[in-house]
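*Asks:* how would this look folded up:
(one chain, ligands or ions: 1)
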Amino acid sequence: MTRRTSKPLRVGEVTIGGDTPIVVQSMTKTDTRDITATVNQIKYLEDCGCEIVRVAIPDKEAAKSLASIKKRVSIPIIADIHFDYRLALAALQASVDCLRLNPGNIRDREKIAIVVAAAKERKAPIRIGVNAGSLPANFQPDAPLAERMVNMALEQIRLMESLNFDLIKVSLKAFDVLTTIQAYQMIADKIPYPLHLGVTEAGLPRTGVIRSAIGIGILLYQGIGDTIRVSLSAHPCEEVFVAYEILKSLGVRQRGPTLVSCPSCGRAEVDIIALAEAVSKRLQKISKPIKVAVMGCVVNGPGEAKDADVGIACGKGKGVIFRKGEVVNTTNEDRFLEAITTEINSLNSRGLE
Ligand code: SF4
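*Replies:* Numbers count the residues shown, from 1 in each chain. Modelled structure (predicted):
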């Protein structure tokens, strides 16, 4: 995997692009005017590992509340602006770390120039966030969708460059996974700026996780992308969890534990699905990047999961605890969950050998 070279920029204290790790972001789902609710959700997101958070700015009151929100959280905040350039100015005044502008609905070059001047003065980057769904109908109507998205971004990039502004990052999100991939591939070697990846309106977790993993995963595998946001109709911490799972699957970042569990089959003599779910819940409190296996039979289990740091292979009435494929203990069926939890906690506190 050779990563595309991009020009790094800073969003608050977080660097995006260059050879820095792929940054995980999410978006609050609270009313930004409700300062307490928004601060609480951002803090929760920080605990989940979210590194940058975006908040919607639907009106002036929301923009104003950014100043108080910012004082009470530690991760950088991006103000999400549509339609009204004055909201971008108000967000900058409230010391937001970065803006997201939708070029599909803020079209007036003079107004964009005013925002760019204010962002430049504060050294705040701008994400040019193209959304397939909000392209103006009269914008290159005959061109393929991915091309229209790319051209919309390029038009705004060129405008900002003509104003000597280069603190730019770009996203090109569509609901259609293939259109999204195509758009990012098209723009990747045309511009030097970091790319924010995402598949928009991906849906409920059951389908949205797949759509996001395929879209974001394929691009990352091709070396494209500097920061990611998984969009799900779910709590934003779920988005962060899925984002890290995508990064972990590609071996580009590690965070928290990984659960290996067998699918179960006719050889299993215990309810492996229930045990795996119970172990998964206990792993939520674990911070170290340990690999834990839950396997359905003693004969195949330890061997099939030998790269796990710790695991349990369950048989009828009895199971074995293993570390790196070596059996270290046996346990009775009524203590399966406790036995593996004890091993996990001990590994978490003493660290990996
Ligand atoms: S580990 Fe055993 S129970 Fe689980 S899928 Fe493999 S053979 Fe079946």
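
*Asks:* what sits closest to the residue in the stretch 51-200 of the chain positioned nearest to the ligand if chain neighbours are left out?
*Replies:* The ligand sits closest to residue 177 of the stretch 51-200 of the chain, with a gap of 30.1 Å, by CB to the nearest ligand atom. Using the backbone N, CA and C atoms, a C-beta is placed for each residue, glycine as well. Closest residue in space to residue 177, ignoring its immediate chain neighbours: residue 215 at 4.4 Å, by CB to CB, 6 or more residues apart in numbering.

*Asks:* buried set for the host helix or strand of the one you found?
*Replies:* According to DSSP states H and E, residue 215 maps onto helix 205-221. Buried positions in helix 205-221, judged by neighbour count with 16 or more other CB atoms under 10 Å: 205, 208-209, 211-220.

*Asks:* cool, stretch 334-342 as well?
*Replies:* Residues of stretch 334-342 classed as buried: 336, 337, 339, 340, 341 (neighbour count, 16+ other CB under 10 Å).

*Asks:* and the two most separated of these?
*Replies:* The largest distance within the buried residues of stretch 334-342, taken as CB to CB, falls between 336 and 341 and amounts to 9.4 Å.

*Asks:* contact partners for whatever residue of the stretch 251-353 of the chain ends up closest to the ligand?
*Replies:* Residue of the stretch 251-353 of the chain nearest the ligand, by CB to the nearest ligand atom: residue 296 (2.7 Å). Residues near residue 296 by CB atoms under 8 Å, 6 or more residues apart in numbering: 262, 264, 265, 267, 268, 269, 270, 272, 313, 314.

*Asks:* among those, which lie within helices?
*Replies:* residue 272 (DSSP state H).

*Asks:* so which of the contacts of residue 296 reach the ligand?
*Replies:* On the criterion CB under 6 Å from any ligand atom, 262, 264, 265, 267, 268 are the entries of the contacts of residue 296 that sit beside the ligand.

*Asks:* now the third one: how far from residue 300?
*Replies:* When CB to CB, to the nearest Å is applied, the distance between residue 265 and residue 300 equals 10 Å.

*Asks:* the more surrounded of the two?
*Replies:* Neighbour count, other CB atoms under 10 Å: between residue 265 and residue 300, residue 300 has more, with 14 against 10.

*Asks:* separation between that one and residue 316?
*Replies:* Using CB to CB, we find residue 300 at a distance of 15 Å from residue 316.

*Asks:* check what pLDDT the residue in the stretch 101-250 of the chain positioned nearest to the ligand gets.
*Replies:* Going by CB to the nearest ligand atom, the ligand is nearest to residue 249 of the stretch 101-250 of the chain, at 20.3 Å. Note on residue 249: pLDDT of 95.

*Asks:* give the contact list for it.
*Replies:* Going by CB under 8 Å, 6+ apart, residue 249 touches 213, 217.

*Asks:* now it: phi and psi?
*Replies:* The phi/psi pair for residue 249 (degrees, to the nearest 10) reads phi -60, psi -30.

*Asks:* next: residue 332.
*Replies:* Per degrees, to the nearest 10, the backbone of residue 332 is at phi -80, psi 160.

*Asks:* wait, what's in contact with the nearest residue to it once chain neighbours are set aside?
*Replies:* What sits nearest to residue 332 in space, not counting adjacent residues and going by CB to CB, 6+ apart, is residue 318, at 6.1 Å. By CB under 8 Å, 6+ apart, the contact set of residue 318 is 298, 330, 331, 332, 333.

*Asks:* one more: residue 42?
*Replies:* Neighbour list for residue 42: 28, 53, 55, 69, 73, 75, 77 [criterion: CB under 8 Å, 6+ apart].

*Asks:* closest to residue 108 out of those residues?
*Replies:* Proximity to residue 108 was ranked across these by CB to CB; first place goes to residue 55, at 23.9 Å.

*Asks:* pairing partners for the strand or helix carrying that closest one, with directions?
*Replies:* Assessed by DSSP H and E, residue 55 sits inside strand 52-56. The pairing partners recorded for strand 52-56 under DSSP bridges are strand 23-27 (parallel), strand 77-81 (parallel).

*Asks:* reformat the ones you listed as JSON lines; add distance to the ligand.
*Replies:* Below are the strands paired with strand 52-56 laid out as JSON lines (distance: least, CB to the nearest ligand atom, whole Å):
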{"stretch": "strand 23-27", "distance to the ligand": "32"}
{"stretch": "strand 77-81", "distance to the ligand": "44"}
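
*Asks:* for the helix or strand that contains residue 169, packing partners?
*Replies:* Per DSSP H and E: residue 169 is located in strand 168-173. If you count contacts as 3 or more CB pairs under 8 Å, 6 or more residues apart in numbering; DSSP states H and E, strand 168-173 packs onto strand 126-131, helix 145-162, helix 177-188, strand 196-197.

*Asks:* how close does the closest residue to residue 218 other than its chain neighbours get to residue 64?
*Replies:* Leaving aside its chain neighbours, residue 218 sits nearest to residue 181 (5.6 Å; criterion: CB to CB, 6+ apart). Per CB to CB, residue 181 is found 39 Å from residue 64.
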